[in-house]
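1. Model the following, please.
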Amino acid sequence: MQSLDIKIDKNYRALELGFLEGGNPSAYKRLLSFASLNAARTMSKPMKAEAPKGKTGNLIKSIRVKSGRYSRPSAVVGPLFGAKGSPNRPYYRHFVTSGVSGVRQTKSGPKAVKPIPANPFVMRVANAPANQQRALEAFYKTIEAFYNDQVFRGRILRFKRGNQR
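-> Residues are numbered from 1 along each chain as shown. Next comes the predicted model:
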């Protein structure tokens, strides 16, 4: 019995993706949104491992992945901000990632305080080449699954929001 293995050129997949973008732009945006979320999910575990461990561990627990608000399709991964006292959402996340200078402004003028050095663990994880490569692989695997998996493709094409032509 003969076996036939067909390999499709990446340029053909890019052409198919271009047809999808032109023919069904809302499905194209949904596909890229799914792909970007899957890519961002690969950064979650390394970010939790790199985060500083405090007494409560709330900074680690607050690391989440969500779709981006601007320039969609996009995704965001990092510690979520919460109101003071809200569970698992520390209000102090920006103190850790950005640090605090040695001067605080008060009504009576500037006062010297203990500076806190920044710990930019979010940027360290995001800029690591291994993490970026893993995220790109997840992005392209999602697009490949769209073409190869009928169930996945049906889920993306099934949802219709807003004005549809």
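
2. The most centrally placed residue in the chain sits in which helix or strand?
-> The centre of the chain sits closest to A40, judged by Cα atoms, centre = their mean, with a distance of 3.0 Å. Take DSSP states H and E as the rule and A40 turns out to sit in helix 25-50.

3. ok now that helix, how far from the chain's centre?
-> When distances are taken as Cα atoms, centre = their mean, to the nearest Å, helix 25-50 is centred 5 Å away from the chain's centroid.

4. what about K55, how many neighbours?
-> 5 (other Cβ atoms under 10 Å). For glycine as for every other residue, the C-beta is placed from the backbone atoms N, C-alpha and C.

5. what are the phi and psi angles of it?
-> Backbone torsions of K55, given as degrees, to the nearest 10, read phi -60, psi -40.

6. what does N148 give?
-> Dihedral angles (degrees, to the nearest 10) for N148: phi -100, psi -30.

7. So for it, what's the pLDDT?
-> With respect to pLDDT, N148 has a value of 82.

8. just use 765 as the starting number from now, easier for me
-> All right, first residue 765 from here; so that's N912.

9. That one and V877: what is the separation?
-> 57 Å (Cβ to Cβ, to the nearest Å).

10. and what of S826?
-> From S826 to V877 the distance is 25 Å (Cβ to Cβ).

11. what about the two, which has more around it?
-> S826 (20 against 12).

12. Can you report how many residues neighbour the nearest residue to that one once chain neighbours are set aside?
-> Spatially, and ignoring its direct neighbours in sequence, S826 is nearest to P843 (4.5 Å; Cβ to Cβ, 6 or more residues apart in numbering). Neighbour count for P843, taken as other Cβ under 10 Å: 24.

13. my guess is P843 meets L823, correct?
-> Yes: between P843 and L823 there is a contact at 5.7 Å, judged by Cβ atoms under 8 Å.
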